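Chemist: Could you look at this predicted model? Sequence included:
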Amino acid sequence: MDKQPFDIDIALERIEEAVRPWPKAALFQLFEEGYTSTFEQLLACIISIRTYDEVTLPVSRKLFARARTPSSVAALSWEELDGLIGPSTFHERKAHQMLAIARQVTQSYGETLPGDRDVLLSFAGVGPKCANLVLGVACGTPVISVDIHVHRVTGRWGYVEASTPEKALVALEDKLPREHWIDINRLLVPFGKHICTGSKPKCSTCPVLAMCAQVGVTEHR
C-alpha cells in the first residue's frame, strides 16, 4: 500500500489514544503516585535497568515505603537495601550504587538532589538514558530518553535510521520537535510493549500504519 508522509504530531496524538488502556511506563506511573523528586526518580530508574516495569513498580514502592530521602536511604545497611530491591535484576550491584549515591547526595546537597544532567551523570551506574529520563519526568526538562522501544519504533517508522539507541538519540535530537522530547518515551514504551512489539507487531490494529514504513517487518499480526 502507498504510505502517507509521516507526520509526528498526528502519530503521537493517535498513539496517545491507543495506549490509554495500557499501564504507563514505570517512572511516569511513580510520578503520578507522588514519587516526584529527582532522587526518588533516580533510584527508580536504577531499579528499572534490565528489569520489567511489572517488577520495577512494586520494588520501588516497597523501597519508598521504607526510605524516600537521601539521608534515610544512606542510613540503610547494604543487606537491608539489597533485600528491599531483591527482585530487581543485578540487585546486589544496584544496592551498592544506590547507597553510594545516597551518601554522596547527603554530603554534597543535603536532602535535595538537583536536576542537573552533569550531576546525575557523575554517579557510578547512571548513563545518559537514565539521566535524561529522570530529568524529563522529575524536572520537566526537555530531553529525550531512548530505550529499546523508542529505538525500535522510530526506526520501524522510518522516522530515523540508527543502529543503536545512542545513535537514535542524536538523530531524534536533530529531527524531533522539542515539544515531544519527553512524551516520545512516555508514549512509545507502552506502544512498543503492546502494539509495535519486537516480533510480529500488531500492524492490523496500529493507529499509524498508513504512515509507517514498516522497516524490517517481515511478519505481523
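Modeler: Structure's in. What do you need?
Chemist: For the rest of this, base every contact and every neighbour count on C-alpha atoms.
Modeler: Fine.
Chemist: what's the distance between the residue most central in space within the chain and Glu79?
Modeler: Nearest to the geometric centre of the chain sits Leu133, at 5.3 Å (C-alpha atoms, centre = their mean). Distance, Leu133 to Glu79, by C-alpha to C-alpha, to the nearest Å: 28 Å.
Chemist: is it true that Phe191 touches Arg14?
Modeler: No. Using C-alpha atoms under 8 Å, Phe191 makes no contact with Arg14, being 10.8 Å away.
Chemist: neighbour-wise, which of the two wins?
Modeler: Each of Phe191 and Arg14 has its neighbours counted (other C-alpha atoms under 10 Å); Phe191 has more, 23 against 14.
Chemist: and the more buried one, what does it touch?
Modeler: Contacts for Phe191 (C-alpha atoms under 8 Å, 6 or more residues apart in numbering) come out as Ile15, Ala18, Val19, Thr197.
Chemist: Then Ser88?
Modeler: Ile47, Ser48, Thr51, Val55, Thr56, Val59.
Chemist: Pick out the most distant pair among these.
Modeler: Pairwise distances across those (C-alpha to C-alpha) peak at 10.4 Å, for the pair Thr51 and Val59.
Chemist: Give me the more crowded residue out of these two.
Modeler: More neighbours surround Val59 than the other of Thr51 and Val59, with 20 against 15 (other C-alpha under 10 Å).
Chemist: Which strand or helix spans the more buried one?
Modeler: Element membership of Val59, judged by DSSP states H and E, is helix 53-66.
Chemist: ok, now which ones touch Ile195?
Modeler: Going by C-alpha under 8 Å, 6+ apart, Ile195 touches Pro201, Lys202, Cys203, Thr205, Cys206.
Chemist: Hmm, Glu111 and Ser71 touching each other?
Modeler: Yes. The criterion here is C-alpha under 8 Å, and Ser71 meets it with Glu111 at 6.8 Å.
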